[in-house]
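In: The following comprises the amino acid sequence and a computationally predicted model.
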Amino acid sequence: MNQLKRACALLLSLGLTLSLAACGSGGAQPSGTADTTPAPLETAAPEPTPTPAADPYDAVKNYWSADQLTQAWGPDQVVEHLFFHPVIAYPKYAFTDSSASQAQKDGLDDWMVTVDEYNKILNNLYERGYILVRMEDVWTETSDGTGVPHMVRNTLMLPEGKKPLVISFDDVNYYDYMLAEGFTSKLVVGDDGQIWAQCTDPYTQETFLTQDLDATPILDNFVLEHPDFSLNGAKAIFSLTGYQGILGYRTQNDRDIAAGSPDRPAFEAYRQSEIDAVKPVIQRLKETGWTFGSHTWGHINLSTKSLEVVKNDTERWAEEVGSLVGPTTILFYPHGARPDGNDDVKQTGPMFQYLQSMGFRVFASVGIESYSKIKTDISAVICDRLHPDGTTLRKQRDRYLQFYDAKDIIDLEVRPDLGVNWD
Ligand SMILES: [Zn+2]
């Protein structure tokens, strides 16, 4: 059975012309698709109930035993934080062959890495002794000592020789524009119970499931192969917007369709089917070490929007995204732009106070190091993340040498000819 599964999965991932149904129950068919063909009734003698197969993720979750976690990583030691955008599944298409404008292609070069680059980065992080930790485990809110709630940096207990690393993935929404530019199109749960990515080959238009072209299943499999890369099963945290749904499912409301509009019932039915389809994906991600934060509903720039806009946006995220993935205390600033005129470092302005009052405690921007600061006038942490992508591969090699050498990573064969500042 496993062999068949693997064979089917392999064929699927190779994109051979094999219909999903041809794999039968052994194939990696998404559980969320609208295939309503009823299964034939079983007439033969019932087979004995098979013992449920062990979840392969258990080996990751339980890899380190408590007595191996003897290295105390104190509050003054940096927890490095890297973030990725979705990785480019078809680099030649994205950078050269797609019909996107040159500006869009250059944008992909700036902010993304390719699947090959991402694989190399993961290998380097692992070989250099980093270990994934949950972002939620790095800071805690407490009233100890003062009676007033405030944030503290926790001491992490790690295996000897390991260095803690948080990874976040921004915009795991599978925006329409990405679907046309050489990216995968959604996350699904395969019949094997694991997370797969649905992908349409931009050259042949063939749609198939893969674990090799998307950042999420790639990290899942990397951790299965290297369970010592994860502390207690930690993976990464998704930073989600809501305006085009989440994880490739168009779960967002369309407020332009009025409550009494004749278009409402059909829209509601479609939206509900997307919500039903994404739920098992969220559940499996949560079971396997992934967590979720907010990237605002509308990917809004918090340094320039009015408080009123931010309030509407925050409520809408809670209503349309938080209702599916659960509440979060972590906010990832879109564009890295800080609230209250781009200044949450020196001041705690009205927008920051509002966001904190809505439950956010960790506010993450983008920077040149894994900076973090516990605020003293309000219970909150502000922090920066580093960003492996075209801009830093080309121009900030030195800052990333502790993680990898850009020379070994960047694929200059496929990327546009924009140069590097190292040789
Ligand atoms: Zn973003």
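Out: The structure has been received and is ready for your questions. Numbers count the residues shown, from 1 in each chain.

In: Now do stretch 356-364, average pLDDT.
Out: Model confidence over stretch 356-364, given as mean pLDDT, is 98.

In: Report the separation between the two terminal residues of it.
Out: Here the two ends of stretch 356-364 are set 13 Å apart, with distance taken as Cα to Cα, to the nearest Å.

In: now stretch 352-371
Out: With Cα to Cα, one end of stretch 352-371 sits 18 Å from the other.

In: Is that stretch in proximity to the ion?
Out: No - using Cβ under 5 Å from the ion, stretch 352-371 never reaches the ion; the gap is at least 9.5 Å. No exception for glycine: its C-beta is placed from N, CA and C like everyone else's.

In: quick thing: my sequence starts at 582, can you match it?
Out: Happy to do that; since the first residue is 582 now, the last one works out to stretch 933-952.

In: how about the residues of the protein near the ion?
Out: Proximity of the chain to the ion, by Cβ under 5 Å from the ion, involves residues 751-752, 915.

In: Most neighbours among these, please name it.
Out: Using other Cβ atoms under 10 Å as the neighbour criterion, D751 leads these with 24 neighbours.

In: coming back round to it: mind giving me JSON lines with the residues of the chain next to the ion and columns for secondary structure and pLDDT?
Out: Converted to JSON lines, the residues of the chain next to the ion look like this (DSSP: H, G, I helix; E, B strand; the rest coil; pLDDT from 0 to 100):
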{"residue": "D751", "secondary structure": "strand", "pLDDT": "98"}
{"residue": "D752", "secondary structure": "coil", "pLDDT": "98"}
{"residue": "P915", "secondary structure": "helix", "pLDDT": "98"}
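
In: Which one of the residues you listed is nearest to W720?
Out: D751 (19.7 Å; Cβ to Cβ).

In: For S946, see how far away that closest one is.
Out: Per Cβ to Cβ, to the nearest Å, D751 is found 12 Å from S946.

In: ok, now V804?
Out: Look at V804 and S946: by Cβ to Cβ, they are 27 Å apart.

In: which one of these two has more residues nearby?
Out: Of the pair V804 and S946, V804 is the one with more neighbours under other Cβ under 10 Å, namely 25 against 20.

In: and that one, which of the three is it?
Out: The local conformation at V804, judged by DSSP: H, G, I helix; E, B strand; the rest coil, is helix.

In: Excluding sequence neighbours, find me the nearest residue to it.
Out: Closest residue to V804 apart from its sequence neighbours, by Cβ to Cβ, 6 or more residues apart in numbering: S811 at 4.9 Å.

In: Identify the bridge partners of that neighbour.
Out: Under DSSP bridges, the beta-bridge partners of S811 are L713.

In: surely it meets Y644?
Out: Yes - applying Cβ atoms under 8 Å, one finds S811 in contact with Y644, separated by 7.2 Å.

In: Just list the residues touching the residue nearest to V804, thanks.
Out: Applying Cβ atoms under 8 Å, 6 or more residues apart in numbering to S811 gives the contacts 641, 644, 712-713, 804, 870.

In: Those residues: which two are farthest apart?
Out: I712 and G870 (12.6 Å).

In: all helices of the stretch 682-831 of the chain, in order?
Out: For the stretch 682-831 of the chain, the helices defined by DSSP state H, counting those that start in this stretch occupy 683-692, 696-708, 757-760, 796-806.

In: now what about the last one, what contacts it?
Out: Yep, that's helix 796-806 we're talking about. Defining contact as Cβ under 8 Å, 6+ apart, one finds that helix 796-806 is touched by 637-638, 640-641, 665, 667-668, 696, 699-700, 703, 707, 713, 748, 750, 753, 768, 775-778, 791-793, 810-811, 816-817, 866, 869-871.

In: hmm, try it at 7 Å
Out: Taking Cβ atoms under 7 Å, 6 or more residues apart in numbering as the criterion, the residues outside helix 796-806 that touch it are 637, 641, 665, 667-668, 699-700, 703, 750, 768, 775-778, 792-793, 810-811, 816-817, 869.

In: now the second one
Out: Contact partners of helix 696-708, identified using Cβ under 7 Å, 6+ apart, comprise 665, 668-670, 694, 746, 794, 796, 799-800, 803, 807, 810, 969, 984-985, 989-992.

In: Also stretch 849-867?
Out: Stretch 849-867 is contacted from outside by 612-613, 615, 768-770, 776, 826-828, 830-832, 834, 905-906, using Cβ under 7 Å, 6+ apart.

In: Good, wrapping up.
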